[in-house]
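In: Please work out how this folds:
(one chain, ligands or ions: 2)
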Amino acid sequence: MNQVKIAPSLLAADFGNLQRDVEMVNESDAAWHHLDIMDGVFVPNISYGMPVVKAIAKHASKPLDAHLMIIDPDRYIQTFADLGVYLLTVHYEACQHLHRTVQAIRAAGMKAGVALNPHTDVSLLKFILKDLDLVLVMSVNPGFGGQSFIPATYDKIRTLKKMLKDQESSALIEVDGGVGPDNASKLIDAGADVLVAGSSVFKAKDPKAIIAEMASVKVS
Ligand SMILES: O=C(CO)[C@@H](O)[C@H](O)COP(=O)(O)O
Ligand SMILES: [Co+2]
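Out: Numbers count the residues shown, from 1 in each chain. Ligands and ions are numbered 1, 2, ... in the order given. Okay, the predicted model is just below:
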């Protein structure tokens with residue numbers, strides 16, 4: 001059984017000290033850097049765009065896990081590949097032709113993920129699961145850091161885990177929103193492979209210790 005991966009979300013970093021915070025993640029037990037790209041249309045917030053992704057990529061030593069909260073993400077697939085993104089995740093709710101988008105992500109040389117909003121049923125991915133490297137289960141409504149975790153997520157992860165097993169899919173399950181040491185074990189028990197954590201890491205006195213605590217949770 002693989003160890004859980006921790007992906008600190010840089011949305012909660014200090015943007016005035018971005019290099020310092022990226023380097024903190026480099027030196028920690030985190031597996032990936034999680035990048036939240038928001039367009040102000042799909043979600044009611046604008047985060048950051050390509051120049052900031054480029055700056056992060058320059059200092060990051062771990063794979064870049066980009067979570068696109070933008071409509072019609074096909075427009076930017078090649079740009080993210082050129083910036084060195086490892087895993088590109090698009091929202092089910094933001095794509096007209098999800099299968100085509102996933103194929104385009106892989107053709108550009110990246111791993112492909114699909115994110116689901118809290119209200120979106122995992123069964124909608126039934127016929128595309130085999131084409132995915134990751135499913136991102138949103139445990140808050142996308143758009144902002146620092147929100148409260150939605151408890152229905154546990155059942156959603158369990159249902160998705162069963163679907164993946166039934167289809168013999170090796171896609172990872174990533175959980176994003178309101179995640180921290182308090183719910184990490186329960187999420188891992190439910191079947192999560194990757195935990196995204198923003199506020200619980202960057203607002204902590206000792207961010208590296210919080211990352212280490214979550215990364216060391218035993219997988220049963
Ligand atoms: O995608 C998102 C929000 O839309 C996340 O990646 C958040 O950035 C996670 O922040 P916390 O809930 O952990 O503070
Ligand atoms: Co995210």
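In: sec struct for whatever residue of the chain ends up closest to ligand 2, please.
Out: For the chain and ligand 2, the shortest gap (C-beta to the ion) falls at residue 67, measuring 3.7 Å. For glycine as for every other residue, the C-beta is placed from the backbone atoms N, C-alpha and C. At residue 67, secondary structure determined by DSSP: H, G, I helix; E, B strand; the rest coil is strand.
In: Residues of the chain that sit close to ligand 1?
Out: 9, 11-12, 34, 36, 67, 140, 142-147, 176-179, 196-200 (C-beta under 6 Å from any ligand atom).
In: can you confirm residue 37 is in a strand?
Out: Yes. Looking at residue 37 with three-state DSSP, it is inside a strand.
In: List the contacts of the residue nearest to it when sequence neighbours are not counted.
Out: Nearest non-adjacent residue to residue 37, counting by C-beta to C-beta, 6 or more residues apart in numbering: residue 68, 5.0 Å away. Residue 68 makes contacts with 37, 76, 80, 88, 89, 90, 91, 94, as judged by C-beta atoms under 8 Å, 6 or more residues apart in numbering.
In: Ok, residue 45 next?
Out: 38, 143, 144.
In: looking at this, the last one is in a strand?
Out: No. With the criterion set as three-state DSSP, the secondary structure at residue 144 is coil rather than a strand.
In: burial of it, as a residue count?
Out: Residue 144: 16 surrounding residues under other C-beta atoms under 10 Å.
In: Near the residue of the chain found nearest ligand 1, how many other residues are there?
Out: In the chain, the residue that lies nearest ligand 1 is residue 198 (2.8 Å; C-beta to the nearest ligand atom). Counted with other C-beta under 10 Å, the neighbours of residue 198 add up to 25.
In: list the contacts for it?
Out: 8, 9, 10, 11, 12, 34, 145, 146.
In: repeat that for 6 Å
Out: By C-beta atoms under 6 Å, 6 or more residues apart in numbering, residue 198 lies in contact with 9, 11, 12, 145.
In: can you check residue 204 too?
Out: Neighbour list for residue 204: residue 210 [criterion: C-beta under 6 Å, 6+ apart].
In: Apply 10 Å and report the result again.
Out: Residues near residue 204 by C-beta atoms under 10 Å, 6 or more residues apart in numbering: 180, 181, 197, 210, 211, 213.
In: For those, pick the one with the most neighbours.
Out: The most crowded member of these, judged by other C-beta under 10 Å, is residue 197 (28 neighbours).
In: Figure out how far stretch 56-63 is from the centre of its chain.
Out: How far stretch 56-63 lies from its chain's middle: 16 Å, per C-alpha atoms, centre = their mean, to the nearest Å.
In: got the buried residues for it?
Out: By 16 or more other C-beta atoms under 10 Å, the buried positions in stretch 56-63 come out as 56, 57, 60, 62.
In: Filter the residues you listed down to the ones in helices?
Out: Mapping these onto helices (DSSP state H) picks out 56, 57.
In: Just put the buried residues of stretch 56-63 in a markdown table and tack on pLDDT and distance to residue 154.
Out: Converted to a markdown table, these look like this (pLDDT from 0 to 100; distance: C-beta to C-beta, whole Å):
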| residue | pLDDT | distance to residue 154 |
| --- | --- | --- |
| 56 | 98 | 31 |
| 57 | 98 | 34 |
| 60 | 98 | 31 |
| 62 | 98 | 27 |
